[in-house]
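> Here you go, sequence then predicted model.
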Amino acid sequence: MSLKRVSLLASVVAAGILGFVSLGSVNAVKASGGLSADEAPAPAELARAQELSTAFRWVSKRTLPAIVSIRSVRKVTQPQQAMADPFDGSPFGRQFGGTPFEDLFGDLRERMRQQQGQGGGSPGIATGEGSGFIIDSKGVVMTNAHVVRGADEVIVSLADGTDYKATDVRSDEFADVAVVRIKPDKALPTIPLGDDAQVEIGDWVLAFGSPFGLDSTVTQGIISAKSRGLKNLPSRQEFLQTDAAINPGNSGGPLVNMRGEVIGINTAIETRSGGYDGIGFAVPVSLARWVGDQLLTDGKVRRAYLGVTPEDLNTELAGALELGSRRGVVVAEVRKNSPADKAGVKVQDVIVRLNDREINSRQQLIAIAERLKIGESYGLVVMRDGKEVTLDVTAAEFPQEVAQADSSEVGELGVQVQPLTAELAEQLEIEGEGGLVVTNVSRNGIGARIGLRPGCVLVRVGKTDLKSLEDLQQGLAAAKERGQLVLLVRTPNGTQLVSVPFN
């Protein structure tokens, strides 16, 4: 079975990334005959085609002045030994982009090559490129969080070629949304935010951005699906799906409707080639607006939560629970002392409505729950023993310990890991089980410097086999005493032994 991969779209623009083929002289092919009169399009058909072309032109002219390119620059240090990049030509090189499996893979790959003398650019400097759009004439730009994550310097290039250094960068990893402030010397053109609730499947859309560093690029397509959850990205949210051409470098650019309004932020693609395969995903603008407003006002995002682990219903599970349909989501776990626990929610309850809104997927439940007003009570309807039961649940703020419960951080390495169970290995399409799978890599940590990335599996540290976070912490403590870290790491291209100073 070929591996499906979901790729973050921010990319590093280096010499040779995009090749052009010179055609030289091309012999013209003479047609044997022209179109006959009855084959020519009718005037009415031509008029309709021209109307659509005019509409595309109008939206493009309205939008392009507000599109920016974003360059993220960060300094890197030279490690004693770095892993050779094991992800070239590997499915993992493009599968685990996004939240919570993070990292700007094109950027990370380029950085590793620079560290080992394989890449271009200045030694010790890594750059990544993405896109964004201006939402405030005073200099507020919206983009993806992964475009600016970990950057020491963010440079925003306007459509007229003017560059500005960002004065403030605020981001939210859960939604993969960021706002960037610059200080322009004039009022800037902006693009209005629309309403993705009004979007229908089949609607025309245009995608704007800088794919492969080609500024001010416009592509067209339709909305292919709404409320799409990404299986290869265990994300908390739903996406808009489009067939508009989206490629590396488009990350953070807007997906725009035919009224010239932003309806989403281009974020990810599903691909088997590493580029455009006709399936792109955008963060809905309603979520981006909700997150952006809080970032601009408070610098952080406050979310509500219920305290349940929801699972989507499939036919087998619905049958086992003796449900008449696949409506709702089943509760797999209830966290102790959480709002759901206090409201009386039980494992195997099927949540069908929250705050008078129908629930049809895990992502939909989370999206609705996180925007509830903290401290207020809401009706929660569950199916239990074949009957509807209405419970009152009081929304509480999403606690930090819950956010980190499923992926524990190892500060010494600058990574987050979790035990690789058989179920997780199947979900992430990783061969084998056992060890600790890396789910998150800090850009400035030792893990990033030696080439760890999401999808790597830590098998052993020193002589300690890794089965739990405690095993890893104990092994790191011993390595610190020795002053040398020795890691056995499993990658798609095999198992590698990595050794670096560690004190």
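Arrived safely.

> How many residues are close by residue 500?
17 (other CB atoms under 10 Å). C-beta: built from backbone N, CA, C; applies to glycine.

> Ok, residue 61 next?
10.

> Just confirm it is within a strand.
No: assessed with DSSP: H, G, I helix; E, B strand; the rest coil, residue 61 is helix; it does not lie in a strand.

> Mind pulling the model confidence for it?
On the pLDDT scale, residue 61 is placed at 97.

> That one and residue 260, how far apart?
9 Å (CB to CB, to the nearest Å).

> what's the answer for residue 419, then?
According to CB to CB, residue 419 and residue 260 sit 48 Å apart.

> Spell out the residue ranges of the helices in this structure.
For the chain, applying DSSP state H gives helices covering 43-63, 105-115, 145-148, 285-298, 315-320, 339-343, 362-370, 400-403, 422-428, 446-449, 469-482.

> For the fifth one, give me every contacting residue.
Judged by CB atoms under 8 Å, 6 or more residues apart in numbering, the contacts made with helix 315-320 from elsewhere in the structure are 311, 325-326, 330.

> Restricted to buried residues, select those in ChimeraX.
Restricted to buried positions by 16 or more other CB atoms under 10 Å, the ChimeraX selection for those reads:
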select :326,330
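
> quick check: domain ranges of this protein?
Annotated domains of the chain cover 1-12+53-76+124-301, 304-397, 404-501 [automatic domain parsing].

> Not counting sequence-adjacent ones, nearest residue to residue 73?
Closest residue to residue 73 apart from its sequence neighbours, by CB to CB, 6 or more residues apart in numbering: residue 153 at 4.3 Å.

> residue contacts, that neighbour?
By CB under 8 Å, 6+ apart, residue 153 lies in contact with 72-74, 165-166.

> List buried residues within the residues you listed.
Buried subset of these (neighbour count, 16+ other CB under 10 Å): 72, 74, 166.

> So for the second one, what's the nearest residue that isn't a sequence neighbour?
What that stands for is residue 74. Per CB to CB, 6+ apart, closest to residue 74 is residue 152, 4.5 Å.

> Equivalent analysis for the first one, please.
Counting by CB to CB, 6+ apart, residue 72 lies nearest to residue 151, which is 3.7 Å off, once chain neighbours are set aside.

> and what of the last one?
In this structure, residue 166 finds its nearest non-sequential neighbour in residue 154, 3.8 Å apart by CB to CB, 6+ apart.

> That neighbour is in contact with residue 68, isn't it?
No: using CB atoms under 8 Å, residue 154 is not in contact with residue 68, being 10.8 Å away.

> Those two: which has the busier surroundings?
Neighbours were counted for residue 154 and for residue 68 using other CB under 10 Å; residue 68 has more, 30 against 26.

> Quick check: that one vs residue 304, distance?
From residue 68 over to residue 304 (counting by CB to CB), the distance is 33 Å.

> for residue 225, which residues make a bridge with it?
Assessed by DSSP bridges, residue 225 has beta-bridge partners residue 241.

> and it, what is it in contact with?
Shown in contact with residue 225 (CB under 8 Å, 6+ apart): 201, 240-241.

> quick one, strands of the stretch 301-450 of the chain?
With strands called from DSSP state E, counting those that start in this stretch, the stretch 301-450 of the chain shows them at 304-305, 308-312, 329-334, 350-354, 357-358, 377-384, 387-394, 396-397, 408-410, 415-419, 436-441.

> The last one vs strand 415-419, what angle?
Regarding strand 436-441 and strand 415-419, their directions subtend 150 degrees when assessed with axes from the mean of the first three to the mean of the last three CA atoms, to 10 degrees.

> relative orientation of strand 436-441 and helix 469-482 in degrees?
80 degrees.
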